[in-house]
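[1] next come a sequence and a model predicted from it.
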Amino acid sequence: MDDMVSRGKQALPPRYYTDPAVFGRQREQLFFKTWQFACHESRVPGTGDYYAFSILDQDLFVIRQKDGSLRCFYNVCQHRGHPLVEREGRARLLVCPYHAWSYGLDGKLKGAHGTKGQAGFDRSKICLTEVRLDSLAGFLFVNLDAEAPSLAESFPGVEDAILAFLPDIRERAFAQEHEAEEFCNWLIAVENYNECYHCRVAHPTFASGVIDPQSYDIQPFSADAKSLKHSAKAQSGETAWYDTSGSDYASFYIWPAFSLQLYPSGLVNSYHWRPVDVANTVVHRTWYSKEGVVDDSLQRVIDLDRDTTFAEDLKLVKRIQRGLGSRGYSPGPLVLNPDGGIDSEHSIAALHDWVREASDT
Ligand code: FES
Ligand SMILES: [Fe+2]
């Protein structure tokens, strides 16, 4: 960190957040080559359960196989291109809504009416296009790049650290989710998430309800994983949103667009960001609990978070997008406190190194 401080670092030039050409390179070099969050495995618990989602304009779905394993396919019929499924559901066969070609859960074409005896029509050669799928402590990620390093190679040690922090995390299931358009570039949202320099200014209730801001710190997880680990002591006392006495706070940000948050006392939640275009992103805020049950205490935390921290960040990031388009803005110095802590943006400096690598030609 010392050389970072002595060298000094400026905020990134605005084109990284506003230039469609930069975003176009990130689409190919970043979002189509790195591990993107799909959903939690509990969203597809039974045979034939599927969950559809998108990475930019690429539509995909995860589906549970008869043997209990999970696979991911592009959500596109191999006949003339209609999507096969929407949102989530359960199917024994995947039947295309256009001409009713049907596919097995394994993606193999099963039926195409009117093709019997047609010369050259070989049903066995037609199959949905599969995408790599992997799990990190029950959180499913996909990668459109067949050559990319595996999830475990990309984030060595991260799953073990999550399991060490919360050994029963696999008992959590999807409970509730809400989402919002952010009207900003995805990197603005991710940077905002990955620094707490603004927490005491902009998030007074988070800083008094969940964590002790004095103890907040964000560090690169390791030299060989593009991950940032946030840690803090739990907030206690009468301002706490719930009984936080069980364990402290940790968050594991997984480059580029997912973060797993372990709130005090094992309250699991996540953020994931789905870029829409250079100036818009949809953020998903998801909560998990044992058997997916939302009791009054959890609902209160979800509502408080949505009405305070989440809403406060939506306002900030939208305004930053506008500010970065201002002709009067020139990038200022990052605040790089050698001791880290809440008043430091060295996590932003790490993000900038990673984004330059993924965006520059
Ligand atoms: S596009 Fe799917 S059956 Fe024709
Ligand atoms: Fe924030």
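    Here it is on my side, so go on. Ligands and ions are numbered 1, 2, ... in the order given.

[2] in the stretch 101-250 of the chain, which residue sits closest to ligand 1?
    Trp101 (3.7 Å; Cβ to the nearest ligand atom). Just so you know, the C-beta spots here come from the backbone N, C-alpha and C atoms, and that holds for glycine as well.

[3] look at that residue and say how many residues are nearby.
    22 (other Cβ atoms under 10 Å).

[4] likewise the one 5 residues further on?
    Residue neighbour count, defined by other Cβ under 10 Å, stands at 16 for Asp106.

[5] which residue packs closest to it, ignoring adjacent ones?
    Spatial nearest neighbour of Asp106, excluding adjacent residues (Cβ to Cβ, 6 or more residues apart in numbering): Gln65 at 6.5 Å.

[6] neighbours around the one you found, how many?
    14.

[7] follow-up on the earlier one: for the residue of the stretch 101-250 of the chain closest to ligand 1, give me its contacts.
    Cys77, Gln78, His79, Val95, Leu109, Gly111, Ala112 (Cβ atoms under 8 Å, 6 or more residues apart in numbering).

[8] need the three-state assignment for the first one.
    What it means is Cys77. coil (DSSP: H, G, I helix; E, B strand; the rest coil).

[9] all helices in the stretch 101-250 of the chain, in order from the N-terminus.
    All helices of the stretch 101-250 of the chain, identified by DSSP state H, counting those that start in this stretch, fall at 151-154, 158-165, 186-193, 199-202, 204-209.

[10] which residues are in contact with the second one?
    Outside of helix 158-165, the residues within contact range by Cβ under 8 Å, 6+ apart are 136-137, 152, 169, 221, 225, 227, 229, 247, 250, 252, 254, 260, 262.

[11] repeat that for stretch 21-33.
    Contacts for stretch 21-33 (Cβ under 8 Å, 6+ apart): 15-16, 55-56, 58, 143-145, 148, 185, 256-257, 275, 277-278, 355, 358-361.

[12] strands - which of the residues you listed land there?
    The members of the contacts of stretch 21-33 that map onto strands under DSSP state E are Ile55, Gln58, Asn143, Pro275, Asp277.

[13] of those, which are in range of ligand 1?
    Restricting these to those touching ligand 1 (Cβ under 6 Å from any ligand atom) yields no residues.

[14] if we can go back for a sec, of the contacts of helix 158-165, select the buried ones using a PyMOL command.
    Per 16 or more other Cβ atoms under 10 Å, the buried members of these correspond to this PyMOL selection:
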select buried, resi 136+137+169+221+225+227+229+250+252+254+260+262
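
[15] now do the contacts for the closest residue in space to Lys108 that isn't next to it in sequence.
    Nearest residue to Lys108 in three dimensions, chain neighbours excluded: Cys127, at 5.1 Å (Cβ to Cβ, 6+ apart). Neighbouring residues of Cys127 by Cβ under 8 Å, 6+ apart: Gln78, Tyr103, Gly107, Lys108, Leu109.

[16] any chance of TSV for the residues you listed, columns distance to Ile162 and pLDDT?
    Shown next, in TSV, are the contacts of Cys127 (distance: Cβ to Cβ, whole Å; pLDDT from 0 to 100):
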residue	distance to Ile162	pLDDT
Gln78	37	98
Tyr103	35	98
Gly107	31	98
Lys108	35	98
Leu109	39	98
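
[17] farthest-separated two in the residues you listed?
    Farthest pair in the contacts of Cys127 (Cβ to Cβ) is Gln78 and Lys108. Separation: 10.4 Å.

[18] so for these two, which residue has more residues nearby?
    Legend: neighbour count by other Cβ under 10 Å for Gln78 and Lys108, higher for Gln78 (18 against 13).

[19] the residue nearest to Asp106 contacts Leu105, doesn't it?
    Yes: applying Cβ atoms under 8 Å, one finds Gln65 in contact with Leu105, separated by 5.4 Å.

[20] thinking again about what came up before, now the helices of the stretch 101-250 of the chain as JSON lines including mean pLDDT?
    Converted to JSON lines, the helices of the stretch 101-250 of the chain look like this (pLDDT from 0 to 100):
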{"stretch": "helix 151-154", "mean pLDDT": "98"}
{"stretch": "helix 158-165", "mean pLDDT": "98"}
{"stretch": "helix 186-193", "mean pLDDT": "98"}
{"stretch": "helix 199-202", "mean pLDDT": "93"}
{"stretch": "helix 204-209", "mean pLDDT": "89"}
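
[21] pick the most deeply packed of these.
    helix 186-193 (a mean of 24; mean count of other Cβ atoms under 10 Å).
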